[in-house]
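Chemist: Give me coordinates for this.
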Amino acid sequence: MAKIGKWIGGGLGFTLGGPLGALAGFFLGSVFDEAENIIHKPDAETVRKVQITQGDYMFSLLVLVSAVLKADGKILRSELDYVKEFLIRSFGIEGAKQALVILKDLTKQNIPVTDVCMQIRKYVDHSSRLQLVHFLFGIANADGLVHPDELNLIQHISLTLGISDADYSSIEAMFVPKTDWAYDILEIQKQSTNEEIKKSYRKMALKYHPDKVSYLGEDVQKAANEKFQKLNEAYQVICKERGIS
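Modeler: Take a look at the predicted model:
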C-alpha cells in the first residue's frame, strides 16, 4: 500500500467518530483493499484522549476541500491542479493519486459542513484551523477569482471553526484584492501609528509562524510558510509606504 494508505490506516484518531467518521467509513472499504487489515478504530474513550495526527488533519482538509470545490456548481481544472500540487508536496506523486481518489469520492457525497466544522473545532487547535481556512482560500482562488458562493461557504466554515472576524478578514485579504489589503492582513487600521503597526506585526508573526503547525509534520509546516510570507510582504509594503525602518 502506498504512503496515503498508511497515512489513513495508521494515522486517524478523532476523525473515526462523528460526521467525519461516517465519511471516512464510506470510502475506506472501496478505496483500500487492505483497509480491514490495517484499520484500528479506537473506542470512544480513546478518541476523546487522542492527539490530532497528520492523518486527522489532512482528511479533515480533504472533506472541506470537496465542499468548497462544489460551492459554485462546477469543479475547475485549475482548482484540481492546485489541490494536486499541494498533495504531491505532502505525500509524493503516488500518495497524491490516492488522495485525489478520496477527494473524487468525497465530491459525490453530501458534506454536512456545519457538523464537520464543529467536530474539527473540538479537536484541532486555533493555528491549524487558521491554516485550513488559508488553504481553502487558495483553492477557491486557483482560477484567479473567488466566486461569491465559494466566499460565502468559506466564511461559514471559518465562523463555525471558531475563527474571529479579524482573523478571517486577514486571510481573506491575502487572496481577495482590496485597497488596504496590507493593513487588513495585519489586522490594523490605516490610521494606526507606526508603533501600533510594529506591535501588530510582532503579534501576527507569532500567530502565523509555521512552527505553530510543526506537530502535523514537515509538509504541513511548509504549506503554512506561504501564509507567513504573505504577512511579511504586507508588513514590508506598509514600512515602505511609511518609511518605517
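
Chemist: all helices for this protein, in order.
Modeler: Counting by DSSP state H, the chain has helices at residues 3-10, 18-31, 35-38, 44-49, 54-69, 77-106, 113-123, 126-140, 148-160, 165-172, 181-185, 194-208, 218-242.

Chemist: Does Leu151 touch Val176 like I think?
Modeler: Yes: contact criterion CB atoms under 8 Å: Leu151 and Val176 qualify, at 7.4 Å. All C-beta spots, glycine's among them, are computed from the backbone N, C-alpha and C.

Chemist: Could you check which of those two has the larger neighbour count?
Modeler: Taking other CB atoms under 10 Å, Leu151 and Val176 do not tie; Leu151 has more neighbours (19 against 16).

Chemist: Could you pull up the residues touching the more buried one?
Modeler: Applying CB atoms under 8 Å, 6 or more residues apart in numbering, we find Leu151 in contact with Ala140, Glu172, Val176.

Chemist: coming back round to it: mind putting the helices of the chain into JSON lines with mean pLDDT?
Modeler: Shown next, in JSON lines, are these (pLDDT from 0 to 100):
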{"stretch": "helix 3-10", "mean pLDDT": "54"}
{"stretch": "helix 18-31", "mean pLDDT": "74"}
{"stretch": "helix 35-38", "mean pLDDT": "42"}
{"stretch": "helix 44-49", "mean pLDDT": "45"}
{"stretch": "helix 54-69", "mean pLDDT": "90"}
{"stretch": "helix 77-106", "mean pLDDT": "82"}
{"stretch": "helix 113-123", "mean pLDDT": "96"}
{"stretch": "helix 126-140", "mean pLDDT": "92"}
{"stretch": "helix 148-160", "mean pLDDT": "96"}
{"stretch": "helix 165-172", "mean pLDDT": "95"}
{"stretch": "helix 181-185", "mean pLDDT": "94"}
{"stretch": "helix 194-208", "mean pLDDT": "93"}
{"stretch": "helix 218-242", "mean pLDDT": "89"}
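
Chemist: Ends of stretch 165-181, what's the gap?
Modeler: End-to-end distance of stretch 165-181 (CA to CA, to the nearest Å): 15 Å.

Chemist: chain center to it, what's the gap?
Modeler: Its chain's C-alpha centre lies 16 Å from the corresponding centre of stretch 165-181 when counted by CA atoms, centre = their mean, to the nearest Å.

Chemist: Same check on stretch 151-168?
Modeler: Put simply, stretch 151-168 sits 12 Å off its chain's centre (CA atoms, centre = their mean).

Chemist: Stretch 88-106 too?
Modeler: Taking CA atoms, centre = their mean, the mean C-alpha location of stretch 88-106 is offset from the chain mean by 15 Å.

Chemist: Now do the contacts for the residue lying closest to Ala96 once chain neighbours are set aside.
Modeler: Once flanking residues are discounted, Ala96 sits nearest to Leu87: 3.7 Å by CB to CB, 6 or more residues apart in numbering. Residues in contact with Leu87, defined by CB under 8 Å, 6+ apart, are Gly95, Ala96, Ala99, Leu100.

Chemist: Ignoring the adjacent residues along the chain, who's closest to the third one?
Modeler: To tie it back to what came earlier, the one meant is Ala99. Excluding the flanking residues, the one nearest Ala99 by CB to CB, 6+ apart is Leu87, at 4.7 Å.

Chemist: Any idea how many residues pack against Ser200?
Modeler: By other CB under 10 Å, the residues close to Ser200 number 19.

Chemist: returning to what we had before: please determine how far the residue nearest to Ala99 is located from Lys230.
Modeler: 21 Å (CB to CB, to the nearest Å).

Chemist: and Phe228, what is it in contact with?
Modeler: By CB under 8 Å, 6+ apart, the residues touching Phe228 are Ala205, Tyr208, His209, Pro210.

Chemist: I appreciate the help and will end here.
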